[in-house]
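Participant: 3D model of this:
(one chain, ligands or ions: 1)
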Amino acid sequence: MKKEISICNITAKPDQKAQGFINILDTETKMPITIINGKKEGKTVLITAGVHGCEYPGIRTAIELAKEINPQDISGNIIIVHVVNTAGFEKRRAAIMPEDNKNILRVFPGDGNGTISDKIAHVITNELISKVDYYFDIHGGDLHEELIPHLYYPAKADEEVVNKCIEIAKHFNVAYYAPSNNINGTFTSAAINKNIPSLLIERGGCGLCKEEEVNLYKDDILNILSVLNVIKYERCSKEFSPKEIKKAIYLDARVDGCWTCFVKPGQAIKKGEKLGEISDYFGNIIDTYYAEFDSTVLYNTVAYYVSKGNSLVAYGRS
Ligand SMILES: [Zn+2]
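Facilitator: This next block holds a predicted model:
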C-alpha cells in the first residue's frame with residue numbers, strides 16, 4: 001500500500017495533494033510547499049525554486065506546476081518548494097537572503113543552530129532531500145544577469161551518482177551541462193552527502209518573468225518527470241541538445257567600477273577577444289577582460305556597476 005508523506009506539519013495521503021507553509025525551525029520564516037502524493041507507486045522527486053528570490057521564471061514554474069499537476073496522473077511523488085528564499089523574493093533582493101546576507105546556495109547541508117540561511121538549508125537537507133530519489137533546483141539569471149539556458153551537475157559526488165546526473169542532464173532542453181566542483185550547494189550537497197542525483201537548472205534572467213520562458217521551463221520539468229516515469233507527458237519543444245562543458249572560466253571583477261560587457265549569452269568568442277571593461281566614474285578604463293580560449297558565453301552580468309569579486313562573464317567550451 002502506498003504511504004502518506006509528511007513534511008514538517010503538512011501531510012498528503014496517497015492520491016492527494018497537500019499545500020501550505022512549513023516553518024523553519026524556531027524562526028518566523030515559512031516556505032510555501034506542495035506535496036503531490038501520486039495514485040501509483042514510483043519515484044519521489046523534489047523541486048525547489050527561489051533559492052535566489054529574483055529568479056522569477058523558476059518560481060512561477062514551481063507555482064504553476066504545483067497548481068496544475070494532479071495526483072491521479074502521478075506514479076510516485078512530487079514535492080515542490082515554490083520559493084525557498086521568501087524574504088529575498090518579497091524584498092526583491094538579488095542573490096542573498098536579506099536577513100543574514102548569506103547566499104543560501106552556498107551554505108548546504110546547513111546548520112540547525114546557525115543563522116536563517118543555515119537553518120533553511122538544514123530543513124531542506126533533512127526534511128526534504130533525505131526523502132527523495134531525485135532533486136532539481138531550478139534557478140535562472142538573477143536581476144543583474146542574462147544567460148543561455150544551461151545546467152550544472154555535481155562533479156564531486158560518487159561516480160555512480162555523477163553518471164546518473166549526467167544521464168538525466170542530457171534530457172533537458174538546455175544548451176550546455178557543466179560540472180560544479182562546489183560541495184556546499186543545494187544540489188551538490190544532496191549528491192555528495194545523500195547520494196541523490198541532483199541538478200541545478202538555469203533559465204531566464206534580468207528580473208523578467210516572460211510567459212514563453214515559464215512555458216519552456218514547465219515543458220522541461222514535465223519532460224524530466226516523464227523520463228523518470230513519474231508522469232506521462234509529450235514535450236512541446238526541444239531547441240537544444242545539451243553539450244558538456246569541459247573547460248570553463250568564471251570571470252570575476254578585479255576592481256570596483258562601471259562595467260561594460262561586449263558579449264552576449266550563447267555568443268561564440270575567440271581567444272583574445274575583448275569581453276568587457278570596467279571604468280571609473282569619469283569614464284576612464286581601469287580594467288579590461290579578454291577570453292582565454294575559443295568558447296561560448298554561458299552568462300554575463302548586465303548591471304552597469306560591479307564590485308571587486310562580482311561575477312562578470314562565464315564562458316566555456318565543450
Ligand atoms: Zn540562482
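Participant: Give me the phi and psi for the residue lying farthest from the centre of the chain.
Facilitator: Most distant from the centre of the chain: Phe282, at 37.4 Å, with distances by CA atoms, centre = their mean. Phi and psi for Phe282, reported as degrees, to the nearest 10, are phi -110, psi 10.
Participant: cool, Asp73 as well?
Facilitator: Asp73 adopts backbone torsions of phi -90, psi 0, taken as degrees, to the nearest 10.
Participant: Touching, it and Ile231? I think so.
Facilitator: Yes - here Asp73 reaches Ile231: they are 5.8 Å apart, a contact under CB atoms under 8 Å. From N, CA and C alone the C-beta is placed, and that goes for glycine too.
Participant: does Ala49 have beta-bridge partners, and which?
Facilitator: Beta-bridge partners of Ala49, counted by DSSP bridges, are Ile138.
Participant: So what's the residue count around Glu4?
Facilitator: Look at Glu4: counted by other CB atoms under 10 Å, it has 12 neighbours.
Participant: Flag the shaky bits of this protein, pLDDT-wise.
Facilitator: Of all residues in the chain, none has pLDDT under 70.
Participant: Would you map out the domains in it?
Facilitator: Per automatic domain parsing, the domain ranges recorded for the chain read 5-227, 245-317.
Participant: Please identify which of those is closest to Lys238.
Facilitator: For Lys238, the closest of the domains of the chain is domain 5-227, at 5.3 Å, according to CB to CB.
Participant: returning to what we had before: which of Asp73 and Ile231 has more neighbours?
Facilitator: More neighbours surround Ile231 than the other of Asp73 and Ile231, with 23 against 16 (other CB under 10 Å).
Participant: For the more buried one, which three-state class applies?
Facilitator: Here Ile231 is recorded as coil under DSSP: H, G, I helix; E, B strand; the rest coil.
Participant: tell me the contacts of the nearest residue to it once chain neighbours are set aside?
Facilitator: Of all residues not flanking Ile231 in the chain, Leu225 sits nearest, at 4.5 Å (CB to CB, 6 or more residues apart in numbering). Applying CB atoms under 8 Å, 6 or more residues apart in numbering to Leu225 gives the contacts 45, 78, 231, 233.
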